[in-house]
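**Student:** coords please:
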Amino acid sequence: MNVPFSGREAAGSKTGHAGRTGAFAAPRALIAAATLALGVPALGVMAVAPAQAQTAAPAAAAAQPSPERMKLANELLVANGEASSFDSIIPTIIEQAAGSFVQANPDLIRDLRDVAKSLVPEFEARKSEITAILARTYAAQFSEAELGELLAFYRSPTGRKLVEQRQELLDEGLKGIQAWSAKFAQEVEGRVRAEMKKRGFTI
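**Tutor:** Residues are numbered from 1 along each chain as shown. Take a look at the predicted model:
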């Protein structure tokens, strides 16, 4: 993934921009949530193929959830924390768009950075469009009754605890998996050596 402005200060130093670091590195949460989960490309680098867009349009038009399902889906996104997971997506997409001009205009890096920052307030409200996309997805996949059940769970003490501790759970789980992977790799290496020894090789 292209990270705008990061690592480009060397080019800018020719015009007195030395000493600054790539302060516009994309937030890690956005990279994980938006780029991987939603597949958001860096602007100026990739574009949605027209054929894909044409294929997606009829499918989206075919399923129009009821207003009540959309209302429940929006409430669910707030309750389960997903609505706030994309708070950084607008600033980062703007950053990527401005950063795409840096390679061809390295002397303008400071101005491009300033322009990107100045555009954030103008486009911040567009985040509601992301929430609407997510809400339509939920509303299309779950009935009103199912959305109500999900909403009831996330509003329950257990559901709120899950949302509040989700990142901690993921972090702890990842640490455990990494430790397990290292131990498992050693175990496999031992078996590989043993099997190779049976074939007359010592490694």
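
**Student:** the strands in the protein, which residues?
**Tutor:** For the chain, no strands are identified by DSSP state E.

**Student:** skipping its backbone neighbours, what lies nearest Y138 in space?
**Tutor:** Leaving aside its sequence neighbours, Y138 sits nearest to A73 (CB to CB, 6 or more residues apart in numbering; 4.0 Å). Using the backbone N, CA and C atoms, a C-beta is placed for each residue, glycine as well.

**Student:** how far away is the one you found from Q167?
**Tutor:** Distance, A73 to Q167, by CB to CB, to the nearest Å: 23 Å.

**Student:** who has more neighbours out of those two?
**Tutor:** A73 (25 against 11; other CB atoms under 10 Å).

**Student:** wait, that one touches A139, no?
**Tutor:** Yes - with contact defined as CB atoms under 8 Å, A73 reaches A139; the gap is 4.2 Å.

**Student:** common neighbours of these two, please.
**Tutor:** Common neighbours of A73 and A139 (criterion: CB atoms under 8 Å, 6 or more residues apart in numbering): 65, 147.

**Student:** in this structure, which helix is the longest?
**Tutor:** As assigned by DSSP state H, the longest helix anywhere in the chain is helix 157-198.

**Student:** give me the below-cutoff pLDDT ranges for this structure.
**Tutor:** Where the chain drops to pLDDT under 70, the residues are 1-63.

**Student:** do a quick rundown of the helices in it.
**Tutor:** Going by DSSP H, the chain shows helices at 9-12, 28-30, 50-62, 67-79, 89-99, 109-123, 127-141, 144-155, 157-198.
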